[in-house]
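Colleague: Let me see the structure of the following:
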Amino acid sequence: MSKAVRACLIVLLSATALAACTQYWRESGLYDLAGEQGLQLDLRDYYHRHAVEEGGRCPRPVIEAVTDSAILEDKPDRLVLDLRYAYRDILNDGDDNCDRRFQPLRCTVMRECEGFSSRTFTIQRGPEGRKIVDMSGPRRR
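Modeller: Residues are numbered from 1 along each chain as shown. The predicted model follows:
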């Protein structure tokens, strides 16, 4: 078997394994919200692609954990959720400039781009599935 064929097989098997893992997590129930399978994963992805935190100082936040959620509206064609979460910015979370000798608090309690917040998400339901159409709070331009 040539190296090119072997490399193609490895890529194909890796992609298949990744797709299977993603589907497993989506169906596991761990990321369900409001009775919607895998909705938390979709909300996290949408948030990561669109949100900013702390007045724009945190341009690439990720939701680390959902701490609470509440259904504000639940209709056949629309779902509105209030989501409370812990976030951290993957680019500006303070780890890169953490020197305990010169900035002892910067490495612990005064870290930037790490905290708790809440947002309201609007999800449209349709024959093709669901789509997140709106999110409250500041966004990237």
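Colleague: Please make it C-alpha for all contacts and neighbour counts, starting now.
Modeller: Noted.
Colleague: show me the residues around Arg140 that make contact.
Modeller: Counting by CA atoms under 8 Å, 6 or more residues apart in numbering, Arg140 touches His50, Ala51, Val52, Gly56, Pro59.
Colleague: Among those residues, the buried ones, what's the ChimeraX command?
Modeller: Buried members of the contacts of Arg140, defined by 16 or more other CA atoms under 10 Å, are picked up in ChimeraX with:
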select :50,51,52,59
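Colleague: and the contacts of Arg140, which of them are in helices?
Modeller: Using DSSP state H, the members of the contacts of Arg140 that fall in helices are His50.
Colleague: Could you dump the contacts of Arg140 into CSV and include distance to Leu91?
Modeller: Listed next are these as CSV, based on distance: CA to CA, whole Å:
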residue, distance to Leu91
His50, 15
Ala51, 13
Val52, 12
Gly56, 12
Pro59, 8
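Colleague: can you name the two of the contacts of Arg140 that are farthest apart?
Modeller: Greatest spatial distance among the contacts of Arg140 (CA to CA): His50 and Gly56, at 11.6 Å.
Colleague: Closest to Arg119 out of the contacts of Arg140?
Modeller: Set against Arg119, the nearest of these by CA to CA is Ala51 (10.0 Å).
Colleague: Tell me the spatial nearest neighbour of the closest one, not counting adjacent residues.
Modeller: Counting by CA to CA, 6 or more residues apart in numbering, Ala51 lies nearest to Arg139, which is 4.3 Å off, once chain neighbours are set aside.
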